[in-house]
Structure formats: structure tokens, C-alpha cells
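1. Coordinates only, no sequence provided:
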């Protein structure tokens, strides 16, 4: 769609202060283009969801929700911490809610034993498969005999997948135990694990291959990413240590249900890591390393601001694991930023009618870190939450480009802060044309927290979200606890590589806990 002269002038006015990384880059008014239309909108897991087949009375939704979403040709798959559900694209519940360990029923071991939080779902567009990862936060003394399915493979050894099985009937839930939902180890003995489930075909209700890998470090906040040579999975090792675990699982073997390995590297002195997650059919060059990014600063050292984004390159070698390397960090100069709320597990987002303020997770780049190859042009889109000059919260977003030498360069950046309210916990997407959309939480008195979306066309002036923001769902009430979501999630629909799906939280009037809203939209011109 051609942009009018007046519309272009309005965009240029928005960007009057933008350009070099040393200058402020806040976008202080909304885009002049009409808001993108919301195509589908329905309640997911949480208050208001219509239960479907297979429900096993899973535990009540935990706070924070830890929203994750994946979309295939005909299905929408959602996980919220210890629950999962599968929907049609019109919002009909096909399965769930059920506990996350349902996918591991019949597998045995710690993956089957109990539902676990922080599980994440992805759709592998390259193979037409569904991937679910589920961390085991409880220390366990594993058997010396690791040959049986369900026993996690020791580091460096191949895990045995066992028989491929359909989800359900769900295993019986264990009795509740004090502190069972805590995200800290309950014992000083034993080790942790990471569970993988990979569908054997395109049907998310069909059989899954299941794998378990022992993890010596606490496997918090897994954020899986699809790449041709592996399933990459960074994790945090605790809120009180400046250390991260970068791992990759043997995707080619997992897709065949064959014994598969996981390789891990410890990266010290960094914030939360995100690996580039591939969208669309365009591949990186053969052998290209996966890109990892993190925000600068260090909350534990009270360094709450920076003017760099950190970049690593993760090269995995399955023939000779000794040659697997993570190189970096390279520090890419960006406009200065300060963590919204001063980082994670803090609170600053105001709500109507209460003194309770919400957390913003401002110390980290949020999921997903999106990779897209558009006709040979390789882009990576990243977002995080920052303080703004207007006194609210803004979405800082970047588009990086990868050159022929595999160097990562800043292409454009912006901070979306069109008023004094709060926009935070964003998740980005890029469609097949290179248009960018960003979903985010919106709130600040007098607005209850809800979910909105803004977007831009690929050839719009750099640094601006040029479409007026769209409302996916308006909040109806304030939340009584501090932790808000921890993350939202976008997913691009593989059926057209244009439709973008998004999920985030809101509260209904008089509800005891949150609801989630799943919605979709397309940026005009992509069809």
C-alpha cells in the first residue's frame, strides 16, 4: 500500500530525534497508518477457557503465567507453565487443559512423574513438527543404569527416546507438597534434567518421541529455538548467579526418533540469553552458527543501564563435539537504555485501584529472538523493556542484519513510547515480506493491564512502528500479585507465512486469577 505524503511526513516527524545510536530514539506518537485488524481472538488457558477432551484437572494456573504459543497449519498449541491445551484456529478446544507431563505419559522417569513449570512449545516449520521442552527443577538421584527410557542421559551421551506415544491419558498427579511450585532446588543432592517431546508427524495430537537429558545446573527459563543443525536451548542457572547455560540438542536424530545427544556450554557474566529462532522457509547458509543475544548491564551488580547489545555465535559439531564452540561476546553499540523497573522481580507498573505494581522483567531480551531470511537478506529482531522520557515504560526494538562474513550489524532501532503509559514484556515477529510486528502488555493507571500490537512495513522509515496500535484485549481488573506473565509470545502461521499470532495475559472482572487471550492479525500487503 502506497504511503501518502502527509502520512510519510508524520512518520518523519516521529523520528525527528532518531538515527545514530548515541541519540534518543523514542517514538513519541503512534503511527499514522490505521491499526491492523484483529482476525481471531479467543481465551486460552486460564479463567474463561472452555475445556475440551483429555482434561485431567491440572493444577490451577500458576503465577506468573509464562505464556508460550506455537502455530501449525491447522492448530494452535499453548502452554502456560504447568498446563497445555490445543485449539483450532477458530478457538475450539481440541485437547486440554492437561498437565504438562501428559506428553511424557508412559515414558517413565522424572519427565512423567509430575507436571513442571516453565515448559515451552515451538513449531518446527522446516520439518512440520511440534517441539515441547520441560525443565525438571527438582534435584533427583538418577539410577546408575541409564539404558532404560525415561532415565536422563548423562552429559555427552545419547538419550534413548523410547516408544513414540500419543498424549494422554494423563498420568495421575502427585500429591501437592509444600514449596512444590518454587523455582529453587529443594535438596542439595542429585541433579536436574531437561525433557524434550518431538511430534512424530504434523498432528500435535499424534505420537511424540520423548527424550531426557541430565543437567548439572538449575535449568530455569528455557527458551528453545529452531535451527537447521539443532534445537538450541539457553537457560538461566538461578536469580542470584551471573551464569547461563547454552545447550543444543541433536535435531536430526530427534526427528527420526533415534538416540540423540545434547551439548552444553557455560557462559559466565551475562544476562538472560536468547538464541535466534528461525521463521519461514528461508534457511541460513549451510553451517552458519546460531546467533545468541543478551542485553547489557548486570542487575546483581546494580548496573541497570547500557548502550550495547551482546552477541555470541554458537557453532555445534555433531561429528566431533570437541569442536563445538561459542564465540563472543561482540558488543554492538545501540542507543542508551535503562532497564524498566530496574530489572527482574521488581515492581513499577501501576494499576487502577490498588497500590500493587507489576514486574516488567526489564533486564532481559524477551522471547522470541526472531531470525528471518527474506530473499537472501538475513534479519534478527529483538525486543526488551526500557524506561522512557515520558516516565512510563517503552518497547525497545532492534532489527539486526547479518552480512556475508556472518557479522551481525545494527540495521535499525526504536523505542515505542507514544505516551506516559506502560508497554512492556513484548514479543516480536517478522512476516515473509520483512514487515515487523510487536505484541506487548499495555497498562498504567487508569488502564487495567491488557494486550496490544503495533507494526511497520519493511520499507517504512527506519525506527518507527507506523501502524496505530491495535487492541487485542482490554484488561478488566488489576492483578493482586507482583509477577506479571514473565513473557508473552508471537508465532508466525506457516500456512501463509503472513498471519501473526500472539498471546498475553489480562484479568476479567472479579476473577481470582488471570486469563490469556490468543489472537491473530496480518499486516496489510502480506497475503
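-> Looks like it arrived, so ask away. Everything numeric here is computed off the predicted structure, so don't read it as measured data.
2. which outside residues touch the helix or strand harbouring residue 267?
-> Using DSSP states H and E, residue 267 sits in strand 262-268. For strand 262-268, the surrounding residues in contact (C-beta atoms under 8 Å, 6 or more residues apart in numbering) are 153, 155-156, 159, 194, 213, 215, 217, 242-250, 273, 312, 314, 316, 321, 324, 326. C-beta coordinates here come from the backbone N, C-alpha and C atoms, glycine included.
3. now do stretch 333-340
-> So stretch 333-340 is contacted by 21-25, 295, 297, 299, 304-309, 348, 360, 362-363, 384-387, 393-394, 396, 398, 410, 413, 415, 422, 424 (C-beta under 8 Å, 6+ apart).
4. do you know how far the closest residue to residue 481 other than its chain neighbours is from residue 515?
-> Counting by C-beta to C-beta, 6 or more residues apart in numbering, residue 481 lies nearest to residue 63, which is 5.4 Å off, once chain neighbours are set aside. According to C-beta to C-beta, to the nearest Å, residue 63 and residue 515 sit 13 Å apart.
5. same question, residue 389
-> Distance from residue 389 to residue 515, by C-beta to C-beta: 33 Å.
6. Out of the two, name the residue with the larger neighbour count.
-> Each of residue 389 and residue 515 has its neighbours counted (other C-beta atoms under 10 Å); residue 515 has more, 22 against 13.
7. pLDDT score assigned to that one?
-> The confidence metric pLDDT takes the value 96 at residue 515.
8. before we move on, what SS does the most centrally placed residue in the chain have?
-> With distances taken as C-alpha atoms, centre = their mean, the chain has residue 367 as the residue nearest its mean C-alpha position (3.0 Å). What DSSP: H, G, I helix; E, B strand; the rest coil gives for residue 367 is coil.
9. Where does pLDDT dip in this structure?
-> By pLDDT under 70, the weakly predicted segments of the chain are 1-23, 59, 170, 172-188.
10. What count of nearby residues applies to residue 323?
-> So residue 323, with other C-beta under 10 Å, has 10 neighbours.
11. quick one: contacts for it?
-> Per C-beta under 8 Å, 6+ apart, neighbours of residue 323: 315, 317.
12. who's in contact with the closest residue to the residue nearest to the centre of the chain other than its chain neighbours?
-> Spatial nearest neighbour of residue 367, excluding adjacent residues (C-beta to C-beta, 6+ apart): residue 223 at 4.8 Å. Neighbouring residues of residue 223 by C-beta under 8 Å, 6+ apart: 120, 233, 234, 235, 272, 273, 274, 275, 367, 368.
13. Likewise for residue 216?
-> 155, 191, 192.
14. PyMOL command for the buried members of the contacts of stretch 333-340?
-> In PyMOL syntax, the buried subset of the contacts of stretch 333-340 is picked out as below (16 or more other C-beta atoms under 10 Å):
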select buried, resi 25+295+297+299+304+306+308+309+348+360+362+363+384+385+386+387+393+394+396+398+413+415+422+424
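15. Which stretches in the protein count as helices?
-> For the chain, applying DSSP state H gives helices covering 5-14, 109-113, 251-255.
16. list the helices and strands the second one packs on?
-> Spelled out, it's helix 109-113. Counting contacts by 3 or more C-beta pairs under 8 Å, 6 or more residues apart in numbering; DSSP states H and E, helix 109-113 is packed against strand 129-140, strand 191-199, strand 208-215.
17. Out of the ones you listed, the one nearest residue 164 is which?
-> strand 208-215 (5.2 Å; C-beta to C-beta).
18. Next, the angle strand 191-199 makes with that closest one.
-> 160 degrees (axes from the mean of the first three to the mean of the last three C-alpha atoms, to 10 degrees).
19. Sheet partners, orientation included, of the longest strand that the chain contains?
-> Of all segments of type strand in the chain, defined using DSSP state E, the longest is strand 325-338. Note on strand 325-338: by DSSP bridges, its sheet partners are strand 305-315 (antiparallel).
20. and the partner strand, how far out from the chain's middle?
-> 18 Å (C-alpha atoms, centre = their mean, to the nearest Å).
21. what's the angle between it and strand 262-268?
-> Using the same axes, to 10 degrees: strand 305-315 against strand 262-268 is 150 degrees.
22. before we move on, back to that, from the chain's centre, how far out does the longest strand of the chain sit?
-> The answer for strand 325-338 is 20 Å, by C-alpha atoms, centre = their mean.
23. which of the residues in that strand are buried?
-> Going by 16+ other C-beta under 10 Å, strand 325-338 has these buried residues: 326, 328, 329, 332, 334, 335, 336, 337.
24. Please flag which of the contacts of stretch 333-340 sit within strands.
-> Per DSSP E, the contacts of stretch 333-340 map to strands at 295, 305-309, 384-387, 393-394, 396, 398, 410, 413, 415, 422, 424.
25. And the contacts of strand 262-268, which of them are buried?
-> Of the contacts of strand 262-268, these count as buried by 16+ other C-beta under 10 Å: 153, 159, 194, 213, 215, 217, 242, 244-250, 273, 312, 314, 316, 324, 326.
26. Identify the residues contacting residue 279.
-> Applying C-beta under 8 Å, 6+ apart, the residues near residue 279 are 125, 370, 371, 372, 429, 430, 492, 497.
27. Would you quantify the distance from the nearest residue to the second one once chain neighbours are set aside to residue 196?
-> On the basis of C-beta to C-beta, 6+ apart, the spatially nearest residue to residue 370 that is not a chain neighbour turns out to be residue 381, at 4.5 Å. Taking C-beta to C-beta as the criterion, residue 381 is separated from residue 196 by 26 Å.
28. Contact partners for residue 39?
-> Counting by C-beta under 8 Å, 6+ apart, the residues that residue 39 touches are 499, 519, 520, 521, 522.
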